[in-house]
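Enquirer: Here is my input, please return the structure:
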Amino acid sequence: MDTTTHGLAIAEGELPAREDLLDLYDAVGWTAYTRHPDLLERALAGSTTVVTARREGRLVGLARALSDGATICYLQDILVRPEEQRHGVGRLLVRHVLDRHAEVRQRVLVTDAEAGQRAFYESLGFTELHEVGAEDGEAGLRGFISFG
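Expert: Next comes the predicted model:
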């Protein structure tokens with residue numbers, strides 16, 4: 001599904017050219033990805049959903065997700081060029097991914113521990129993991145991660 005909103009072309013399923021990917025990932029400082037371009041391309045190709053935002057043909061944002069289509073959707077790699085941040089691009093990308101996976105029970109993401117990140121994701125309906133259940137006097141949930 002392709003749409004144009006606020007001068008942005010939002011497209012699902014497009015796998016950007018390597019040069020566009022590397023340029024976008026470098027722009028946001030995600031060099032762990034750009035050091036291994038073949039791996040980055042494989043990651044996008046293996047994703048369930050890839051949504052891109054382009055302005056005048058230039059890749060300005062990207063979000064991708066992995067999902068089983070029923071119980072879990074893991075949002076990954078939500079990127080927006082610095083000069084395009086705080087203009088609704090990230091919100092459009094995340095909303096598109098969430099709408100695409102509206103029937104999925106759990107939507108999960110792991111992100112930086114910046115205050116701005118928390119506010120952004122809470123505004124989209126996410127709750128920080130340790131707070132889920134805690135308001136009812138329960139212990140809450142616990143999240144774990146391992147990097148290989």
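Enquirer: can we go C-alpha only for contacts and neighbour counts from here?
Expert: Noted.
Enquirer: State the distance from T34 to A27.
Expert: The spacing between T34 and A27, counted by C-alpha to C-alpha, to the nearest Å, is 10 Å.
Enquirer: Compute the number of surrounding residues for G143.
Expert: Neighbourhood size, G143 [other C-alpha atoms under 10 Å]: 8.
Enquirer: Let me see the ranges of the strands in this protein.
Expert: According to DSSP state E, the chain carries its strands in the segments 2-5, 8-12, 49-55, 58-67, 72-80, 106-109.
Enquirer: Same list as before, the ones you listed that is, but in a markdown table and with distance to L92, mean pLDDT and mean neighbour count included.
Expert: Formatted as a markdown table, the strands of the chain follow (distance: least, C-alpha to C-alpha, whole Å; pLDDT from 0 to 100; neighbours: other C-alpha atoms under 10 Å):
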| stretch | distance to L92 | mean pLDDT | mean neighbour count |
| --- | --- | --- | --- |
| strand 2-5 | 9 | 65 | 11 |
| strand 8-12 | 8 | 94 | 20 |
| strand 49-55 | 9 | 97 | 22 |
| strand 58-67 | 10 | 97 | 22 |
| strand 72-80 | 11 | 93 | 20 |
| strand 106-109 | 16 | 88 | 15 |
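Enquirer: what's the closest of the ones you listed to R18?
Expert: strand 58-67 (11.3 Å; C-alpha to C-alpha).
Enquirer: quick one: the closest one to strand 72-80, angle?
Expert: Going by axes from the mean of the first three to the mean of the last three C-alpha atoms, to 10 degrees, strand 58-67 is angled at 170 degrees with respect to strand 72-80.
Enquirer: sorry, back to before: columns distance to R95 on top of the strands of the chain, output as a markdown table?
Expert: Shown next, in a markdown table, are the strands of the chain (distance: least, C-alpha to C-alpha, whole Å):
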| stretch | distance to R95 |
| --- | --- |
| strand 2-5 | 13 |
| strand 8-12 | 11 |
| strand 49-55 | 10 |
| strand 58-67 | 10 |
| strand 72-80 | 11 |
| strand 106-109 | 12 |
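Enquirer: Make sure V104 is actually in contact with Y74.
Expert: No: V104 is beyond contact range of Y74, at 10.3 Å (criterion: C-alpha atoms under 8 Å).
Enquirer: ok, T34 and A27, which is more surrounded?
Expert: T34 (19 against 16).
Enquirer: Kind regards, and thank you for your time.
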